[in-house]
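Peer 1: quick one, structure for this:
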Amino acid sequence: MNLFKRCLLQGICCLALGLLISGCATIDNSQDLEIQQLRGRIDFLEEEVRKERDENLLLSEELSEARLTAEELVSQEDIERIVVKIPTATQIQTALKNAGFYQGKIDGVIGPKTKEAIRNFQKAKGLSPDGTVGSKTWDNLAEYLNLPEEE
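Peer 2: This is a model prediction of the structure:
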């Protein structure tokens, strides 16, 4: 019986050793599979990054071309003509004085006398006499800005 126990013990040991070895192989196979899957995901993501980089480069080139085209279409002179120029109160008073519509002091304040002068100027030019200097009024008034003042 002692021999039987020894054989049984050896059999159990062999079986345990076999299971242990096959378990390691299964773990190795499972890890290999997981590594392969991760490498596949990395390859996919690297390809996506390359595509995004290429698209960004293409868009950047298109943007540069569009800027050049826009610069060719609109000159600085055009931009200056389009930009709305807002006159200062001093410029308005000076132009009104040069045009003969304002006799007050040029103090940079749009007061009642300046508003009255603006309305009189607008009436004389056939504009709506609202007392405010909008773009139409200023277009007509600006030509008097650089004339020498009458004393």
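
Peer 1: every contact and neighbour count from this point should use C-alpha atoms.
Peer 2: Noted.

Peer 1: tell me the helix or strand right after the helix or strand bottoming out on mean pLDDT in the chain.
Peer 2: Using mean pLDDT, DSSP states H and E, the weakest-scoring helix or strand in the chain turns out to be helix 76-82, at a mean of 67. Elements were assigned by DSSP states H and E; along the chain past helix 76-82, the next helix or strand is helix 89-99.

Peer 1: by contact count, what packs against that next one?
Peer 2: helix 112-124, helix 135-141 (3 or more Cα pairs under 8 Å, 6 or more residues apart in numbering; DSSP states H and E).

Peer 1: so which residue is dead centre in this protein?
Peer 2: Note on the chain: the residue nearest the mean C-alpha position is Leu63, at 12.5 Å, using Cα atoms, centre = their mean.

Peer 1: in this structure, which helix is the longest?
Peer 2: helix 2-73 (DSSP state H).

Peer 1: same question for that helix, mean pLDDT?
Peer 2: The average pLDDT within helix 2-73 is 80.

Peer 1: got it, and stretch 113-124?
Peer 2: Rounded mean pLDDT across stretch 113-124 is 96.

Peer 1: now it - C-alpha only, CSV.
Peer 2: Taking Å, rounded to 0.1, in the frame of the first residue of the first chain, the C-alpha atoms of stretch 113-124 are listed here in CSV:
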residue,chain,number,x,y,z
LYS,A,113,-24.5,126.3,-30.8
THR,A,114,-22.6,123.5,-32.5
LYS,A,115,-25.8,121.4,-33.0
GLU,A,116,-27.5,124.5,-34.5
ALA,A,117,-24.6,125.0,-36.9
ILE,A,118,-24.8,121.3,-37.9
ARG,A,119,-28.5,121.6,-38.7
ASN,A,120,-27.9,124.8,-40.7
PHE,A,121,-25.2,123.1,-42.7
GLN,A,122,-27.4,120.0,-43.3
LYS,A,123,-30.2,122.3,-44.6
ALA,A,124,-27.8,124.1,-46.9
